[in-house]
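> kindly generate the corresponding structure for this input.
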Amino acid sequence: MRSDNIKQGIARAPHRGLLMAAGVSKKNMKAPFIGIASSFSDLVPGHIGMRDLERQIEKGIHSAGGQAFIFGVPAVCDGIAMGHCGMRYSLPSRDLIADCVETVAEGHQLDGLVLLSNCDKITPGMLIAATRLNIPTIIVTAGPMLDGESKCEKLTMIKGSFEAVGKFRAGMIDEKRFEELVEHSCPSAGSCQGLYTANTMACLTEVMGMSLPFCATSSAVSSEKRRIAFESGMAVVELVKKNITPDKIITKDSLRNAIITDLALGGSTNSFLHILAIANAGGIDITLKDFEELSDRIRQIVKLDPASSFTMTDLHNAGGIPAILRTLLEGNVGLKDTGMGVKDAYVNNDLIHPCSEPVTMKAGLGVLYGNIAAGGCVTKISGIDESCYEFEGIANPFDSEEEAMYALENDLVKAGDVVVIRYEGPKGGPGMREMLAPTSLLVGKGLGTSCALITDGRFSGATRGVCIGHVCPEAADGGVIALIEKGDKIKIDINKRTVDVLVDEATLEARRKNWRAPERGNLSKYLQRYAKNVEDASHGAVIL
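Next up is the predicted model:
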């Protein structure tokens with residue numbers, strides 16, 4: 001065992017003394033040492049219930065003959081970090097989390113890991129760590145929160161809070177109703193209810209085989225989740241005994257399975273960044289071209305919030321990820337059977353459509369190219385009204401999210417505008433902030449089908465509307481998005497997968513000669529290091 005490096009032999013007597021000080025018995029010195037990397041936090045609703053899950057995992061490990069050690073990693077709630085400078089730290093935290101897990105696991109020569117995760121960047125950060133370390137690992141995602149409800153109106157975090165801001169500002173609801181919606185939108189521990197980034201990554205983790213069946217969709221406050229946590233603790237000890245490592249699970253086939261499932265579900269566009277980063281960590285040949293190729297032939301078979309009123313609770317009751325995998329296997333869309341035993345899974349076809357009768361004839365996500373995005377950009381097709389698949393409008397550019405929010409809040413954005421938010425990319429932000437606040441405000445004010453939004457920043461998985469993100473090259477690198485001027489015509493064609501500013505090349509080149517990136521002010525040393533070392537979004541925004 002790896003842990004023999006810190007516990008076997010005369011020379012390791014001091015190490016054993018320290019381990020005994022930590023409570024390890026003489027008998028358990030011979031047991032596999034299993035780390036439980038917990039992202040528990042009182043600050044993150046998706047993580048506040050993890051103390052109980054830690055205990056269940058620990059019980060499972062000890063029941064199977066292992067020795068458990070709990071250690072902590074950071075967690076950022078994107079919803080709370082949204083709309084201010086704090087969001088600059090969300091994406092960088094992904095790689096920080098991977099570094100933290102790697103540091104503890106290597107420093108203490110752990111034999112295996114259970115990674116307790118849930119929200120946005122924490123799950124991909126832990127997947128990156130698992131891929132780098134390549135020691136037996138299971139991921140437990142803590143699960144979605146219960147659906148909200150107020151006066152018989154079903155609520156989610158987005159519809160009950162972010163979009164409620166736009167409705168209130170537009171005079172569609174009064175202050176009393178506004179406060180009711182906010183109060184009842186998030187009624188329990190867990191990741192936010194829709195197919196946003198946290199739940200998308202939980203689903204894809206299960207698809208890859210890195211978590212147990214139904215882990216992604218079982219509620220954070222359910223007894224089922226507690227049982228899955230216990231069983232995960234048991235299972236990781238078996239993985240150690242059999243030396244089943246992540247490189248046997250996270251392969252090109254399983255990552256392409258994740259992409260296929262993501263496209264069929266219409267998940268978060270953030271998954272593009274994370275799958276590319278996981279592939280990079282494992283030296284697996286997955287690029288943006290894989291997403292592009294698969295999106296041409298995968299059709300969406302489920303629509304969840306924010307694209308519909310269905311939530312993760314509904315998906316779980318309809319059969320969860322096993323049902324999705326069975327449907328995709330039966331549809332012969334290219335999903336590889338990785339031996340997950342889903343052929344007899346229960347499927348409710350009221351929610352999960354067969355591949356022959358998809359919800360839409362397009363994938364839920366798409367990759368677009370054009371003169372604005374020579375290196376590619378992404379969109380959540382599942383959140384776009386079909387009447388807007390071909391959209392032409394007038395550019396209304398802003399050099400930060402704050403500038404765009406000011407314009408939206410003061411009615412300086414009108415129907416027919418294409419809001420361009422730039423200098424929010426991995427380098428330019430830095431940190432590639434999510435634009436959930438402006439997109440939600442557009443929808444809440446009734447502009448969701450009459451305006452579009454383009455950014456080199458990111459979108460939350462909760463975003464809906466004509467929204468194009470991850471534009472490469474980004475503005476800070478002198479991309480064409482930096483050269484767009486107010487009044488330019490912009491054309492977005494979802495059917496043809498193109499996004500262009502209708503300005504001739506000579507004019508763009510003349511503008512480029514006068515271009516200067518705006519100053520970002522005083523950045524912390526951490527963000528300065530991040531901006532200096534981060535790759536572009538089309539390469540997963542990985543740290544070099």
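> summarise which helices and strands the lengthiest helix in the chain is packed against.
The single longest helix within the chain, with elements called by DSSP state H, is helix 223-242. Under the contact criterion of 3 or more Cβ pairs under 8 Å, 6 or more residues apart in numbering; DSSP states H and E, helix 223-242 touches strand 33-38, helix 50-63, strand 112-117, strand 137-141. Quick note: C-beta positions are derived from backbone N, CA and C, even for glycine.
> so which of those is nearest G9?
Of all the helices and strands packed on helix 223-242, strand 33-38 sits nearest to G9, with 15.7 Å by Cβ to Cβ.
> list of residues touching the closest one?
1-3, 7, 50, 54, 57-58, 61, 66-73, 100-101, 104-105, 108-116, 126, 129, 233, 236-237, 240 (Cβ atoms under 8 Å, 6 or more residues apart in numbering).
> quick revisit: quick one: the longest helix of the chain to strand 112-117, angle?
Note on geometry: by axes from the mean of the first three to the mean of the last three Cα atoms, to 10 degrees, helix 223-242 and strand 112-117 are set 150 degrees apart in direction.
> need the residues that contact stretch 486-500.
Contacts of stretch 486-500 (Cβ under 8 Å, 6+ apart): 292, 362, 366-373, 377, 379, 381, 384, 388-397, 418, 420, 452, 454, 466, 468, 484, 501-503.
> please, a ChimeraX command that selects the buried ones among those residues?
ChimeraX command restricting the contacts of stretch 486-500 to the buried ones, with burial defined by 16 or more other Cβ atoms under 10 Å:
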select :292,362,366,367,368,369,370,371,372,373,377,379,381,384,388,391,393,395,396,397,418,420,452,454,466,468,484,501,503
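> how distant is the longest helix of the chain from the center of its chain?
Put simply, helix 223-242 sits 24 Å off its chain's centre (Cα atoms, centre = their mean, to the nearest Å).
> buried stuff in it?
Neighbour-count burial for helix 223-242, counted by 16+ other Cβ under 10 Å, picks out 225-226, 228-241.
> just give me the closest of these to N317.
K225 (14.7 Å).
> that closest one contacts L53, correct?
Yes. Using Cβ atoms under 8 Å, K225 is in contact with L53, at 7.0 Å.
> anything in contact with each of the two?
Common neighbours of K225 and L53, using Cβ under 8 Å, 6+ apart, are A142.
> got a list of what the most centrally placed residue in the chain touches?
The residue lying closest to the centre of the chain (Cα atoms, centre = their mean) is T197, at 3.2 Å. Residues near T197 by Cβ under 8 Å, 6+ apart: D78, C119, D120, S268, N270, S271, S460, G461.
> list the contacts of the longest helix of the chain.
Helix 223-242 is touched from outside by 1, 32, 34, 52-53, 56-66, 68, 111-114, 116, 136-138, 140, 142-143, 211-212, 214-215, 218-219, 245, with contacts defined as Cβ under 8 Å, 6+ apart.
> please, a PyMOL command that selects the buried ones among these?
Selection of buried members from the contacts of helix 223-242 for PyMOL, criterion 16+ other Cβ under 10 Å:
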select buried, resi 1+32+34+52+53+56+57+58+59+60+61+62+64+66+68+111+112+113+114+116+136+137+138+140+142+143+211+212+214+215+218+219+245
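> and G487, how many neighbours?
Other residues near G487 come to 9 when the count uses other Cβ atoms under 10 Å.
> confirm it sits in a strand?
No. Assessed with DSSP: H, G, I helix; E, B strand; the rest coil, G487 is coil; it does not lie in a strand.
> how close does the closest residue to G364 other than its chain neighbours get to A318?
Among residues not flanking G364 along the chain, G266 sits closest, at 2.3 Å (Cβ to Cβ, 6 or more residues apart in numbering). Counting by Cβ to Cβ, to the nearest Å, the separation of G266 from A318 is 15 Å.
> these two: which has the busier surroundings?
Applying other Cβ under 10 Å to G266 and A318 shows that G266 carries more neighbours, namely 27 against 19.
> in a helix, H316, correct?
Yes. Counting by three-state DSSP, H316 is part of a helix.
> poorly predicted segments of the stretch 201-350 of the chain, please.
For the stretch 201-350 of the chain, no stretch has pLDDT under 70.
> now do the helices in it.
Applying DSSP state H, counting those that start in this stretch to the stretch 201-350 of the chain gives helices spanning 223-242, 252-265, 270-282, 288-295, 312-317, 320-330.
> what is the rounded mean pLDDT of the longest strand belonging to the chain?
As assigned by DSSP state E, the longest strand anywhere in the chain is strand 390-398. Mean pLDDT, computed over strand 390-398, is 97.
> could you do stretch 58-78 as well?
In this model, stretch 58-78 has a mean pLDDT of 97.
> export it to PDB, keeping only CA atoms.
What follows is stretch 58-78, C-alpha atoms only, in PDB (Å, rounded to 0.1, in the frame of the first residue of the first chain):
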ATOM      1  CA  GLU A  58     -16.500   7.300   7.500                       C
ATOM      2  CA  LYS A  59     -18.800   4.500   8.800                       C
ATOM      3  CA  GLY A  60     -18.600   2.900   5.400                       C
ATOM      4  CA  ILE A  61     -14.800   3.000   5.200                       C
ATOM      5  CA  HIS A  62     -14.400   1.600   8.700                       C
ATOM      6  CA  SER A  63     -17.100  -1.100   8.100                       C
ATOM      7  CA  ALA A  64     -15.100  -2.300   5.000                       C
ATOM      8  CA  GLY A  65     -11.800  -2.400   7.000                       C
ATOM      9  CA  GLY A  66     -10.300   0.900   6.100                       C
ATOM     10  CA  GLN A  67      -9.000   3.800   8.200                       C
ATOM     11  CA  ALA A  68     -10.700   7.100   7.400                       C
ATOM     12  CA  PHE A  69      -9.200  10.600   7.700                       C
ATOM     13  CA  ILE A  70     -11.300  13.700   7.000                       C
ATOM     14  CA  PHE A  71      -9.600  16.900   5.700                       C
ATOM     15  CA  GLY A  72     -11.100  20.100   4.300                       C
ATOM     16  CA  VAL A  73     -10.900  21.900   0.900                       C
ATOM     17  CA  PRO A  74     -12.300  25.300   0.000                       C
ATOM     18  CA  ALA A  75     -15.800  25.900  -1.500                       C
ATOM     19  CA  VAL A  76     -17.300  29.000  -3.200                       C
ATOM     20  CA  CYS A  77     -21.000  29.400  -3.700                       C
ATOM     21  CA  ASP A  78     -21.400  30.900  -7.200                       C
END
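> would you list every one of the strands in this structure?
Under DSSP E, the chain gives strands at 33-38, 67-72, 112-117, 137-141, 148-150, 153-155, 366-368, 376-379, 390-398, 417-421, 452-455, 466-472, 489-493, 498-501.
> adding distance to A11, write these out as a markdown table.
Output for the strands of the chain, formatted as a markdown table (distance: least, Cβ to Cβ, whole Å):
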| stretch | distance to A11 |
| --- | --- |
| strand 33-38 | 18 |
| strand 67-72 | 21 |
| strand 112-117 | 24 |
| strand 137-141 | 29 |
| strand 148-150 | 58 |
| strand 153-155 | 60 |
| strand 366-368 | 55 |
| strand 376-379 | 53 |
| strand 390-398 | 62 |
| strand 417-421 | 58 |
| strand 452-455 | 56 |
| strand 466-472 | 51 |
| strand 489-493 | 65 |
| strand 498-501 | 62 |
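> who wins for proximity to K513 among these?
Minimum separation from K513 across those (Cβ to Cβ) falls at strand 498-501, 17.2 Å.
> alpha carbons only: can I get the closest one in CSV?
Output of strand 498-501 as CSV, limited to C-alpha atoms (Å, rounded to 0.1, in the frame of the first residue of the first chain):
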residue,chain,number,x,y,z
THR,A,498,-22.2,31.0,-36.4
VAL,A,499,-21.7,34.4,-34.7
ASP,A,500,-20.5,37.4,-36.6
VAL,A,501,-20.2,41.2,-36.4
